[in-house]
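In: show me how the following folds:
(chains A, B and C)
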Amino acid sequence: METFLHQVIAGLSTGGIYASVALALVMIYQATHHVNFAQGEIAMFATYIAWTLIQTGMPYWAAFFLTVFIAFVLGVLIERIIVRPVEQAPVLSVVVVFIGLLVIFNSMAGWIYTYTIKTFPSPFPTEAPFGTKLVSSHELGAIGVTLVVLFLLYAFFRFTPLGLAMRAAAQNPESSRLVGIRVGWMLALGWGLASAIGAIAGMMVAPVVFLDPNMMSGILLYAFAAALVGGIDNPGGAVLGGFIVGVLENVLGAYVIGNELKLSVALVLIIGVLVVKPSGLFGKVHVTRV
Amino acid sequence: MSARKLLIAAAAIVGVAFAAPYALAQKKYDPGASDKEIKVGNIMPYSGPASAYAAIGKAEAAYFRKINDEGGVNGRKINFISVDDGYSPPKAVEMARKLVEQDEVLLVFNPLGTPSNSAIHKYMNAKKVPQLFVATGASKWNDPKGFPWTMGWQPNYQTEAVIYAKHILQTKPNAKIAVLFQNDDYGKDYLKGFKDGLGDKVKMIVAEVSYETSDPTVDSQIVQLQGSGADVFFNITTPKFAAQAVRKAYDIGWKPVQYLNNVSASIGSVLVPAGLEKSMGLITTQYLKDPLDNAWKNDAAMNDWKAFMAKYYPDGDLKDGSNVYGYTAAQGLVQVLKQCGDLLTRENVMKQAASLKDFSPSLALPGVKVNTSPTDFAPFQQMQMARFDGKEWVRYGDVMTR
Amino acid sequence: MNLIETLGGKQQVAILATVLAIACALPFVVSNYTTFQFTLVLVYSIALLGLNILTGYNGQISLGHGAFYAIGAYAAAILMDKYDVPYWATVPVAGFVCLIVGFLFGLPALRLEGLYLALATFALGVSMPQLLKYKHLEAWTGGVQGITIIKPDPPFGLPLTPDQWLFYFTLAVTLVMFLLGWNLLRGRVGRALVAIRDHPIAAEAMGVNTAMYKSLAFGVSAMYTGVAGALGAIAVQFVAPDSFNIFVSITFLVGVVIGGLASIPGAIFGAIFIQFVPNVADQISKAAPWAIYGVFLIGFMYAMPTGVSGALRMARAKLKRKASTVPQRSG
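Out: Below is the predicted model of the structure:
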């Protein structure tokens, strides 16, 4: 029984990782109606930037916030310079551009930093919380940070005029322009925020999985699944989706099907959920009027 | 016999006697070799999931640059043509064909990865081009009868696993063993060797759990293994996952006797990230010197290596064991080419590779030597067990041979 | 309508004939190695045509076609290795198996649109290697060790090398598949597929059985990719789970987009891109070859957002416009 509890808690910890990356994916989808496949690699690259800053002696939180800011600017620049020229192109062409970004960031990180794993510090204390060995302070702290970001995001989209403008720009660019919203800059802002969230996710993830250029590739699939299971336009759903996927993966691997097939089975289950509820568990159902 | 016939016979003998030295002193070249250079092919995963190992190719390229700066091998420069296969077997086949048919290399040296080498195995032997010192520890490369053009290099995984199995049988005959392995050729090869080594005591394994390289962490697997109640742990993981496994086991309070496979025994790349205190007591086998090991702080060969890295491969990571591996393998090739002299045919390359006698690469552990013969295509077969004491690997026991 | 008009006019026929002539002459002009590379180009073009039918013509995105490629390849390998089936017979079998599997996958996929379908196919592509390594299937699939196949020899003692023979065999299959596809797409089925892509509700209202056509599109698309997989396995002579990871699926998608969606010749352009550009990138930079590849991808999308065939179409249209604006001097 204790092992089962342990697996569930371990699943919640990994789920927290998926949740934070899923948040970044939802963010960019809400702002641009595109799923940015390069999100994971940009987050990884931002984490490397943080690592470099810390290596020069900067204290953790200073490096943290500076990296978030740099990631924000990087996101805005990528949108303005690289994504802007293909905005009008068919969806799949934009997807190919994202794939291009993905391989570029991955390859550059490998070239600049080599593939030896690096430790990334955690801002949370190293002693186990509440004297338990089941979960570390960092894993709890990371979940906490994810929830704070989620709350801030929710508040931003729901209660601020800027958030409303961004949602409008993504849903209906033409009408938004007519009411005076600078759609182009809304998109850039969306990218910036998504990169910033991604950077936070990366910095929370790296202490657990170690920093290396391929850090995010395994996570991206699960984060993508989590975002869809929860509903791609629902940040809260995405976070919940992350936890669900994490626990599901662990429990399936340990008790149901063995580790050799847990990836396939987890994905089959997720697709099953989607077939029954095509917009995800908490997503908005879009009714099209003919 | 008539006088005439005798005269002709005598002339023939004299003619041959004059010609013979010329025939012996002649140079012989197969495609890829000439008076000026020797073309050496190499296939490495510069992209894709195994790109961490590409450092080996870069270290080898740097070493050959050094050799060329010093005048080359027997006056010939080494033209090292290294290509990327992205760890994908079809790409490896294409690259092998490019090296053999387009670039016309004399041999393919140290191609990396079991799947890639499996894919080109038959082709290289059909084309009679040496597939020399393959960079994988799988056991199937030591088959001189079936595949005379393929030769392994490092101690093979099964041999290493047998050493651990025997050690457990000797020191902890009632142990309950847990195994974590990577779900691919490398992991399964170690597992097979381990099971073979346990023989009819295979039931000692109470938990056998796998992971994929696409998994973000192996935390769940470690929790599973702890739950099995095992008190011995055989850790068959690549560096990133090894660090995770070692650290997680410590963090959840599981303290088995842990055997760590040689692939991930690097202090800098694995034990430092995992945490040196958390790595105390780890057992492994070694055949090469670890750059972070204090025992070699003043070792002349290690200092030579560091100077080499500084001059020829400054971007390289001094903590990365791949750079020691590449350096050593390159030394092996240079030795073989030296032994070939002016007879640079593919057949002679294999012949010389199969005649290495007590060759000691500079970064091999003291007592570990490379030996090959026409029936023994496994250059490295010796390893020594070592235990981590929190700071370095302390070797104990004898250098063991299969 | 006579044949020349059906094919699109005298110019088109001339182009087709030239391309075919070059293809036939190729193995005698270039080395065995380059012939091998072009055999792979043909293999990929069949796979890309398959994906194009689904994604380009029918608008259903698939990030998992590598899985069908794997199934086709393993079908061929298992048949040749375990049951001594001759290589040419494995190709239609592989196609048939994938037709069924694709259709079956297409059925539940009917409920999924856009992103969700992308995820479902992505999941298929990602889990394929794991399935291939599964220990209870090891007796068939050879597990992580894979299966080695022997290269077929030219039949009837023809004076060709195995590489040349394989090129012609693959070329013949390619022609058949392309002819089949072209016929399919310019008829009722093609129109139905495009209608479903562009205006699904209107199509449904017009009486098009959307569900059946969409599942059929999946099936046919999978069949093409399965055939390509079988040919690819025979050309490379080796199958292993690691040969069919998610990158294969992503590469196919990239190829289809670069070549041009909803375009039959686009499949060939795309195949040339995905076969040769990684090699070019490798030549340019050993340190970060995929960064160069990524730059190529983005550059291509800037220059030709509708793919190579789209760009060619626009160029032809421009030329036609220029020609028609030349003032006609009447005598």
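In: just the strands in chain C please.
Out: Ranges of strands in chain C, per DSSP state E, are C:147-148, C:238-239.
In: can you tell me which of these the model trusts least?
Out: If the strands of chain C are sorted by mean pLDDT, strand C:147-148 sits at the bottom with a mean of 88.
In: so what strands line up beside it?
Out: When pairing is defined by DSSP bridges, strand C:147-148 lines up against strand C:238-239 (antiparallel).
In: any idea how far the partner strand is from the middle of the chain?
Out: With CA atoms, centre = their mean, to the nearest Å as the basis, strand C:238-239 stands 19 Å off its chain's centre.
In: what's in contact with that strand?
Out: B:89-90, B:93, B:118-119, C:70, C:73-74, C:77, C:142, C:146-149, C:233 (CB atoms under 8 Å, 6 or more residues apart in numbering or on different chains). Any C-beta I mention is one placed from the backbone N, CA and C, and that applies to glycine too.
In: least confident of the residues you listed?
Out: Of all these, C:Gly142 has the smallest pLDDT value, namely 83.
In: what residues are up against that one?
Out: C:81, C:239-240.
In: possible to save these as a markdown table with distance to B:Asp231 and neighbour count?
Out: Supplementary listing: the contacts of C:Gly142 in a markdown table, determined by distance: CB to CB, whole Å; neighbours: other CB atoms under 10 Å in any protein chain shown:
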| residue | distance to B:Asp231 | neighbour count |
| --- | --- | --- |
| C:Asp81 | 43 | 16 |
| C:Val239 | 41 | 29 |
| C:Ala240 | 36 | 30 |
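In: closest one to chain B out of the residues you listed, please.
Out: Nearest to chain B, judged by CB to the nearest CB, of the contacts of C:Gly142 is C:Ala240 at 4.9 Å.
In: that closest one against C:Thr148, yeah?
Out: No: using CB atoms under 8 Å as the test, C:Ala240 is too far from C:Thr148 to be in contact (9.4 Å).
In: can you tell me which of the contacts of strand C:238-239 is closest to A:Gly230?
Out: Comparing these against A:Gly230 with CB to CB places C:Ala70 closest, at 30.3 Å.
In: quick check: domain ranges of chain B?
Out: As given by automatic domain parsing, the domain ranges for chain B are B:37-155+B:299-382, B:157-286.
In: Serialize those domains to TSV and add fields for mean neighbour count and distance to C:Pro289.
Out: Converted to TSV, the domains of chain B look like this (neighbours: other CB atoms under 10 Å in any protein chain shown; distance: least, CB to CB, whole Å):
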stretch	mean neighbour count	distance to C:Pro289
domain B:37-155+B:299-382	21	5
domain B:157-286	21	20
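In: any chance of these in a markdown table with distance to B:Asp293 as columns?
Out: Output for the domains of chain B, formatted as a markdown table (distance: least, CB to CB, whole Å):
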| stretch | distance to B:Asp293 |
| --- | --- |
| domain B:37-155+B:299-382 | 9 |
| domain B:157-286 | 7 |
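In: now these in JSON lines, with distance to chain C?
Out: Formatted as JSON lines, the domains of chain B follow (distance: least, CB to the nearest CB, whole Å):
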{"stretch": "domain B:37-155+B:299-382", "distance to chain C": "4"}
{"stretch": "domain B:157-286", "distance to chain C": "4"}
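In: show me the shaky parts of the chain.
Out: Let's take chain A. A:131, A:286-290 (pLDDT under 70).
In: my bad, the chain I had in mind was chain C
Out: Along chain C, segments meeting pLDDT under 70 span C:1-8, C:326-331.
In: near chain B, which residues of it?
Out: Contact residues, chain C versus chain B (CB under 8 Å from any CB of the partner chain): C:31-34, C:36-37, C:40, C:126, C:130, C:133, C:143-146, C:148, C:232, C:236-243, C:245, C:247, C:278, C:282, C:286, C:289-290.
In: quick one, which of these are buried?
Out: C:32-34, C:36-37, C:40, C:126, C:130, C:133, C:143-146, C:148, C:232, C:236-243, C:245, C:247, C:278, C:282, C:286, C:289-290 (16 or more other CB atoms under 10 Å in any protein chain shown).
In: before we move on, back to that, between C:Ala240 and C:Thr148, what contacts are shared?
Out: Contact criterion CB under 8 Å, 6+ apart; residues shared by C:Ala240 and C:Thr148: B:Ser118.
In: and A:Ser175, what does it touch?
Out: A:Ala168.
In: and it, how far is that from A:Leu164?
Out: 13 Å (CB to CB, to the nearest Å).
In: just B:Ala50 next, same as before
Out: 47 Å.
In: repeat that for A:Val256.
Out: With CB to CB as the criterion, A:Val256 and A:Leu164 are 44 Å apart.
In: would you mind pulling the contact partners of stretch B:207-214?
Out: With contact meaning CB under 8 Å, 6+ apart, stretch B:207-214 is reached by A:217-218, A:221, A:258-260, A:263, B:49, B:177-184, B:187, B:191, B:218, B:221, B:224-225, B:227-228, B:230, B:237-238, B:241, C:126, C:130.
In: just the ones of the residues you listed in strands?
Out: B:177-182.
In: correct me if wrong: C:Thr170 contacts C:Thr39.
Out: Yes: between C:Thr170 and C:Thr39 there is a contact at 5.1 Å, judged by CB under 8 Å.
In: between the two, which has more neighbouring residues?
Out: C:Thr39 (27 against 24; other CB atoms under 10 Å in any protein chain shown).
In: next up, the contacts around the more buried one.
Out: C:163, C:166-167, C:170, C:231, C:235.
In: now the two most distant members of those residues.
Out: C:Asp163 and C:Leu231 (13.5 Å).
In: surely B:Ala54 is in contact with B:Met44?
Out: Yes: checked against CB under 8 Å, the pair B:Ala54 and B:Met44 is within contact range at 5.1 Å.
In: which residues are in contact with each of those two?
Out: B:Asp84.
In: gap between A:Ala170 and chain B?
Out: Separation of A:Ala170 from chain B (CB to the nearest CB, to the nearest Å): 29 Å.
In: secondary structure class of that residue, three-state.
Out: Classification of A:Ala170 by DSSP: H, G, I helix; E, B strand; the rest coil places it in helix.
In: how many residues are close by it?
Out: Residues lying near A:Ala170 (other CB under 10 Å) number 21.
In: isn't it up against A:Thr32?
Out: Yes: if you go by CB under 8 Å, A:Ala170 and A:Thr32 touch, sitting 5.9 Å apart.
In: now for these two: what residues contact both?
Out: A:187, A:190.
In: for B:Phe359, see how far away B:Asn74 is.
Out: Using CB to CB, B:Asn74 is found at 17 Å from B:Phe359.
In: of the contacts of C:Gly142, which is the nearest to A:Ala43?
Out: Distances from A:Ala43 to those, taken by CB to CB, are shortest for C:Ala240, at 31.6 Å.
In: give the contact list for the closest residue to that closest one other than its chain neighbours.
Out: Computed as CB to CB, 6 or more residues apart in numbering or on different chains, the closest residue to C:Ala240 that is not its neighbour in sequence is C:Gly146, at 3.0 Å. Contacts for C:Gly146 (CB under 8 Å, 6+ apart) come out as B:89, B:115, B:118-119, C:238-241, C:243.
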